[in-house]
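**Q** below is the sequence, then the predicted model.
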Amino acid sequence: MLRHAVTCLTMVFVLALVAGFTQAADKTHDGTVVSVAEGKLVMADKDKKEHSHAIGPTVKITLNGKEAKLADLKKGDAVKVTADEGGKVSAIAATRA
């Protein structure tokens, strides 16, 4: 009986662990910068639909592979925004020709 209980608890633990990894998966959004303001990025996706993202002070931002600030991004820059399932942005990778 004890062996069965330990096996069940182990399976529950493994399932919870897998579910946690699934929920922690980040999503990326590709598009172009429409506008930038203090703590806010507005971008347009490939269908020209605009999305607004709140940008916190800890968000990692790069422009052409180099560290940048939100204010460095300009309208028309290609951008990839990485956010968690809840929509909290963790990274922005922008490129400019």
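**A** Looks like it arrived, so ask away.
**Q** contacts and neighbour counts: CA atoms only from here.
**A** Will do.
**Q** ranges for the helices of this protein?
**A** 2-23 (DSSP state H).
**Q** how about the strands in it?
**A** 27-37, 40-44, 50-54, 60-63, 66-67, 78-83, 89-95 (DSSP state E).
**Q** now render those as CSV, adding distance to R3.
**A** Listed next are the strands of the chain as CSV, based on distance: least, C-alpha to C-alpha, whole Å:
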stretch, distance to R3
strand 27-37, 40
strand 40-44, 54
strand 50-54, 50
strand 60-63, 47
strand 66-67, 54
strand 78-83, 42
strand 89-95, 43
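**Q** kindly reformat these as JSON lines containing mean neighbour count and mean pLDDT.
**A** JSON lines is the format used below for those (neighbours: other C-alpha atoms under 10 Å; pLDDT from 0 to 100):
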{"stretch": "strand 27-37", "mean neighbour count": "18", "mean pLDDT": "94"}
{"stretch": "strand 40-44", "mean neighbour count": "20", "mean pLDDT": "96"}
{"stretch": "strand 50-54", "mean neighbour count": "14", "mean pLDDT": "92"}
{"stretch": "strand 60-63", "mean neighbour count": "19", "mean pLDDT": "97"}
{"stretch": "strand 66-67", "mean neighbour count": "10", "mean pLDDT": "97"}
{"stretch": "strand 78-83", "mean neighbour count": "21", "mean pLDDT": "95"}
{"stretch": "strand 89-95", "mean neighbour count": "20", "mean pLDDT": "96"}
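**Q** now for T62: which residues touch it?
**A** Contacts for T62 (C-alpha atoms under 8 Å, 6 or more residues apart in numbering) come out as A68, K69, I92, A93, A94.
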